[in-house]
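**Student:** Prediction below, plus the sequence it came from.
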Amino acid sequence: MKAIVLERLHADHHRYEALLCILDRQLHIAACEEIPDYRLLARLCHYLTRQPEEWHHRVEDALFEHLAARHPDSHDTLEVLVVEHRRITTYGRELEAAFHRMADETPDAEADANLRNLALAFSELYHHHLHTENRHIFPLIERQVPARALDGMTSGFPLASPAEGSPSFQLLYRQIADNRTGLRLGHGEQADFCPLCDARPA
């Protein structure tokens, strides 16, 4: 039986990956020398940064500490992941502020190369981070620590309020679903489906 806490972490990762896909599509629009939705980009960076700070990264850091004690060979990888948590926060907050400025002050201007490159670095770091946790660290945790013990370790981190129910996520979801924003690719093209709300081209 999978630990409840790992099920919640996996669900968070699935949501982050869907939002990153939409962020990547907006960056592709910018790379096509078109105007992305800066308000949406700011909200994506807000959620992808602030929600993990509230629960997700704190839980992972606690699990990583226990895993390092049981499996010393994983220590170096786990240290890198903890540093990446901080880098995700730093990049995400900087991008959120920059995209808010663009939305408020110059919504019809193209994003400059520095902003696009920072956003691309944020996305690449995030994708790599999730991949490492999903493919290597979470399976290792499951093998090394019994499910009951895992849930006991994280008893101080409440599971009662799912992240999908947060007002910030609901606002973001509605913006994407109502406007079919997740389908946009640039040059008037659309993707086959939205990874968040599963919208399809009309």
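**Tutor:** Sure, I can see it.
**Student:** going forward, measure contacts between C-alpha atoms and count neighbours the same way
**Tutor:** Will do.
**Student:** So which bits of the helix or strand where A119 lies are buried?
**Tutor:** When secondary structure is defined by DSSP states H and E, A119 falls within helix 113-132. Of the residues in helix 113-132, those buried under the neighbour-count criterion (16 or more other CA atoms under 10 Å) are 116, 119-120, 122-123, 125-127, 129-130.
**Student:** could you dump those residues to JSON lines with distance to L20?
**Tutor:** Putting those into JSON lines (distance: CA to CA, whole Å) gives the following:
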{"residue": "R116", "distance to L20": "14"}
{"residue": "A119", "distance to L20": "11"}
{"residue": "L120", "distance to L20": "10"}
{"residue": "F122", "distance to L20": "10"}
{"residue": "S123", "distance to L20": "7"}
{"residue": "L125", "distance to L20": "11"}
{"residue": "Y126", "distance to L20": "8"}
{"residue": "H127", "distance to L20": "8"}
{"residue": "H129", "distance to L20": "12"}
{"residue": "L130", "distance to L20": "11"}
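**Student:** re earlier: might you calculate how far the helix holding A119 sits from the centre of the chain?
**Tutor:** Distance of helix 113-132 from the chain centroid (CA atoms, centre = their mean, to the nearest Å) equals 10 Å.
**Student:** helices and strands around that helix, which ones?
**Tutor:** If you count contacts as 3 or more CA pairs under 8 Å, 6 or more residues apart in numbering; DSSP states H and E, helix 113-132 packs onto helix 4-31, helix 75-105.
**Student:** Just the closest of the buried residues of helix 113-132 to H13, please.
**Tutor:** Within the set of these, L130 lies nearest H13; the separation is 6.8 Å, counting by CA to CA.
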